[in-house]
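Enquirer: whatever this is, show me its structure:
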Amino acid sequence: MMDRALQLQEQQTYFASGATHSYAFRKEQLEKLKAALYQHEEAIYDALAKDLKKNKEEAWVTEIGFTVAEINYALKHLKKWMRPKRVGTNLLNFPGKSFILPEPLGVVLIISPWNYPVQLLLSPLVGAIAAGNCVVLKPSEFAPATASILETIITETFDQRYISIIQGDGATVIPQMMNNFRFDHVFYTGSTQIGTVIYEMAAKKLVPVTLELGGKSPCIIEKDANLKIAAKRIALTKFSNAGQMCVAPDYLLLHVSIKDAFLKELKQQIGAFYNTEGVRDYHFGKIVNDKSFHRLTSYIQKEHVIYGGRIDAATHFIEPTLLDNPPLDAPVMQEEIFGPLLPVLTWEQEEDVYRIIRTHKNPLALYVFTSSNDRANHWLKSIPFGGGCINNASWHLTNHQLPFGGRGTSGIGAYHGRFSFDTFSHQKGIMKTATWLDPAIKYPPFKGKLNLFKKLIK
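Expert: From the prediction side, this is the model:
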C-alpha cells in the first residue's frame, strides 16, 4: 500500500486527468461494484454474522440488497442525471438560453459507522461514483470482519488512484487526512458528537460536508390508530439489528387511552418475532461491543422494566425490552439509545407531546400512527424533523425517490437516489447569449434609460 499522503495526491491527479468524467466510465464502475457484491456475497454474510450476528435475510435486505438496489436505480437514471438541465432565461438576458451543468466535485471522503457497515459505506459511494468523483473510504474499525471484506472488494475492484480504502482508528486516521489534505467533500454517518468534530475540521479548509447523524426519533400513536398494525411495524423496525439503527423509533408517545391495549399487542408481536423457541438465536442480533453493552444495561438497571430485560454479557445479548415512563432527565431519555430498549411514555394533551419532543429538537425521524389524515398532517407540519412515516417506521429510507437526511443536530444534507448524485455534484449555472441580436440599450451611456430599466428589471 502506497504512503497515505502520496495516495491522496495520486487520486487528486487522477481526477484532474478527467478519467472519471464520462458516462461510460461511471456506468462501468457501478456495474463492477454490483458484480463484486455478488461475487463476495457469502463472505459478506459471514463478516456481518461475526460483527453483529446478522442473519442472511436481514443482511440482504438491509445491507447487500439495499446497496444493489441503489446501484440499479443509479444505472437506470444516470444518463438523465448527467444531462444539462435547461432552465428559463429572463427578459433582461434576451436573446439567450440558460442551463445547469452538473460536474463532479473531485476527491471526496466517505466515513461510515459500524451498525450497517456495508450499506452505509457503499450507498454513498454509489452516489459519488455516479457523480464522477474519486473517493476515499473509511469503514468503521468497530465492525472489523466487515471492514476487512470491504477492503478486499474495493482493492480488487478499483484502481487505488480512483477509489481507495483506509483502515485504522478513526480518531487518529481521519484527523491525519483532513488536516493534511483538502477534500472536495466529506460525507459522514455517525454520532452527533463525532459529526461536530468532523464539521469543525472541514470548516478550517472550507470543505463542504454531509452529516448523517442521529437523535431521539419519537413515535406518536393516536387513540384511533390500528393498534395491531402499529405494534407489528414498530416491533419489526425498533428491534431490527438489535435496535442499533439511527432511524429506529427511540421512544413511544402513546395516547393515554390506548396504553394498555397497545402494550398488549406490542408484547405479543415482540414475542412472536424474536422470543419464540428457535427464533431468537437466528433472528435477533447482538450488541456490537462491551462499551455499548454496558451502556445499555445501565439504562435497564435504572428504569422500570415492563417487558424483557434479560441479558447475557458473554454473547452481548440484550432482550427486546420495554421501559415504563422513564423521567425525561434519565440517561435513557437524554441519549440516543441505539439498542433494543424502548421507553413508553403517554400523553393526553398535544402540549405534552411538544414538551417531550422539544427536549431533543429536530429528530432525525418522526413516526405517526393514526387513521386520520388531518391528524397525521397536523403532526407533520407542527414538528420539525428530518423525514419519517405515517403508519410505518423507518422504511422511508428504502425509497430511492425520497431524500434521506436530518436537520439541525440530526444532520446536514441528504442522499439516496438522485439526491446522492446531487450531493456529490456541483450544479454549475451557465448562460449562453446569442450574437444575432445585440441591443444597444445594454451599453453605456445609460442616461435617460432609467424608466426602461425599471420595466426590464423587476
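Enquirer: for the residue lying closest to N72 once chain neighbours are set aside, which residues are in contact?
Expert: Using Cβ to Cβ, 6 or more residues apart in numbering and skipping residues adjacent in sequence, the residue nearest N72 is K34, 7.5 Å away. For glycine as for every other residue, the C-beta is placed from the backbone atoms N, C-alpha and C. The contact partners of K34, taken as Cβ atoms under 8 Å, 6 or more residues apart in numbering, are 68, 71-72.
Enquirer: show me how to select, in PyMOL, the buried members of those.
Expert: A single PyMOL command is used to select the members of the contacts of K34 judged buried by 16 or more other Cβ atoms under 10 Å:
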select buried, resi 68+71
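Enquirer: out of the contacts of K34, list just those in helices.
Expert: 68, 71-72 (DSSP state H).
Enquirer: pull the number of nearby residues for Q167.
Expert: Q167 has 17 neighbours, counted by other Cβ atoms under 10 Å.
Enquirer: where's it relative to G190, distance?
Expert: 16 Å (Cβ to Cβ, to the nearest Å).
Enquirer: what's the closest of the contacts of K34 to L122?
Expert: Relative to L122, the closest of the contacts of K34 is I71; by Cβ to Cβ it sits at 8.6 Å.
Enquirer: now that closest one: closest residue in space that isn't a chain neighbour?
Expert: K34 (4.7 Å).
Enquirer: again with F424
Expert: Nearest one to F424, counting by Cβ to Cβ, 6+ apart, is A131 at 3.8 Å.
Enquirer: also R161?
Expert: Here the residue nearest R161, using Cβ to Cβ, 6+ apart, is Y14, at 3.9 Å.
Enquirer: what pLDDT does that neighbour get?
Expert: With respect to pLDDT, Y14 scores 98.
Enquirer: could you do M2 as well?
Expert: 53.
Enquirer: try K447
Expert: Per the predicted model, pLDDT is 94 at K447.
Enquirer: would you map the helices across the stretch 1-150 of the chain?
Expert: In the stretch 1-150 of the chain, the segments counted as helices under DSSP state H, counting those that start in this stretch are 4-16, 23-39, 41-52, 56-59, 65-82, 119-130, 144-157.
Enquirer: just checking, next helix/strand downstream of the helix-or-strand element of the chain with minimal mean pLDDT?
Expert: Sorting the helices and strands of the chain by mean pLDDT, DSSP states H and E puts helix 280-283 at the bottom, at a mean of 81. Where DSSP states H and E defines the elements, the next helix or strand beyond helix 280-283 is helix 290-302.
Enquirer: mind listing what's buried along whichever helix or strand comes after that following helix?
Expert: Following helix 290-302 in sequence order, the next helix or strand is strand 305-307 (DSSP H and E). If you call a residue buried by 16+ other Cβ under 10 Å, then strand 305-307 has these buried ones: Y307.
Enquirer: which helices and strands sit right next to strand 305-307?
Expert: Counting contacts by 3 or more Cβ pairs under 8 Å, 6 or more residues apart in numbering; DSSP states H and E, strand 305-307 is packed against helix 259-270, strand 321-324.
Enquirer: for A376, give me phi and psi.
Expert: phi -60, psi -50 (degrees, to the nearest 10).
Enquirer: done for today, thanks.
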